[in-house]
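Undergrad: How does the following fold in three dimensions:
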Amino acid sequence: MEHAKLEQSYIKLGAITLESNRNSINLLSKVGFSRIGKIIIDNDLTPVVVFECQL
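TA: From the prediction side, this is the model:
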């Protein structure tokens, strides 16, 4: 995140994780990411949680 901030060409970062991965969800929230929804990205149809962080 610090590199992206210093680069100054990014306005936000995105992240995804499984809903069952509570540790990742907690960490993303702790470092400033906000949950914005769920998407399905592969053929097994498992939804992932999408986060973003404004820089």
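Undergrad: what about the helices in the protein?
TA: 2-7, 22-30 (DSSP state H).
Undergrad: Put together TSV for the ones you listed, with mean pLDDT, distance to Gly37 and mean neighbour count on each row.
TA: Backbone N, C-alpha and C define where each C-beta goes, glycine included. Listed next are the helices of the chain as TSV, based on pLDDT from 0 to 100; distance: least, C-beta to C-beta, whole Å; neighbours: other C-beta atoms under 10 Å:
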stretch	mean pLDDT	distance to Gly37	mean neighbour count
helix 2-7	80	22	10
helix 22-30	98	13	13
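Undergrad: Turn those helices into CSV, including distance to Ile36.
TA: Converted to CSV, the helices of the chain look like this (distance: least, C-beta to C-beta, whole Å):
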stretch, distance to Ile36
helix 2-7, 18
helix 22-30, 11
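Undergrad: if we compare those, which one ends up closest to Leu55?
TA: helix 2-7 (5.2 Å; C-beta to C-beta).
Undergrad: mind listing what the spatially most central residue of the chain touches?
TA: Geometric centre of the chain, nearest residue: Ala15, 2.2 Å, by C-alpha atoms, centre = their mean. By C-beta atoms under 8 Å, 6 or more residues apart in numbering, the residues touching Ala15 are Leu28, Phe33, Val50, Phe51, Glu52, Cys53.
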